[in-house]
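> Give me coordinates for this.
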Amino acid sequence: MKRFAMTVAASLIGMTIGLAISMPAYAASKVDCDAVMSEINSGKTTKAVAADLKISASSVYKCKKKAKAAAKAAGEGAPAASPAAEASPAAAAPPAAAPKKP
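Numbers count the residues shown, from 1 in each chain. Down below sits the predicted model:
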């Protein structure tokens, strides 16, 4: 009987830990990142934004990280504008005509 009770207890503890790990953080879905980024873009510091919106500073940092990742993802769809990606002017010019012989 003790062995059965220990097995059940261990299973319940394992399921509880697994369930706790698989659930998203409660507060992460409650932060309005658009409002956070609006405040950040207006020049406020992270601590000031956190105090004004009554959220933690780590939530502000998470919104910054999310916005940076979104901007990077939006930029990947655009063609590369680096000089190495562009064709050289010599390659784009038409070939020179050979001199005519008299």
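
> Would you mind naming the helix or strand containing the closest residue in space to S56 that isn't next to it in sequence?
Among residues not flanking S56 along the chain, A50 sits closest, at 6.0 Å (C-beta to C-beta, 6 or more residues apart in numbering). For every residue, glycine as well, the C-beta is placed using N, CA and C. Secondary structure from DSSP states H and E places A50 in helix 46-53.

> For that helix, buried residues please.
By 16 or more other C-beta atoms under 10 Å, the buried positions in helix 46-53 come out as T46, V49, A50, L53.

> can you tell me which of these lies nearest to M6?
A50 (45.6 Å; C-beta to C-beta).

> quick one: contacts for the closest one?
S56, A57, S59, V60 (C-beta atoms under 8 Å, 6 or more residues apart in numbering).

> How about A48?
E39.

> For it, give its distance to T16.
39 Å (C-beta to C-beta, to the nearest Å).

> now D34
To T16, D34 is 35 Å away according to C-beta to C-beta.

> Mind listing residues that contact the helix or strand following the helix holding A50?
Where DSSP H and E defines the elements, the next helix or strand beyond helix 46-53 is helix 57-76. Applying C-beta under 8 Å, 6+ apart, the set of residues contacting helix 57-76 from outside is A27, A28, V31, C33, V36, M37, I40, T46, K47, V49, A50.

> if you set the cut-off to 6 Å instead, what comes out?
Outside helix 57-76, the residues that touch it by C-beta atoms under 6 Å, 6 or more residues apart in numbering are V31, C33, V36, M37, T46, K47, V49, A50.

> Quick check: buried residues in it?
For helix 57-76, the neighbour count (16+ other C-beta under 10 Å) marks S59, V60, K62, C63, K64, A67 as buried.
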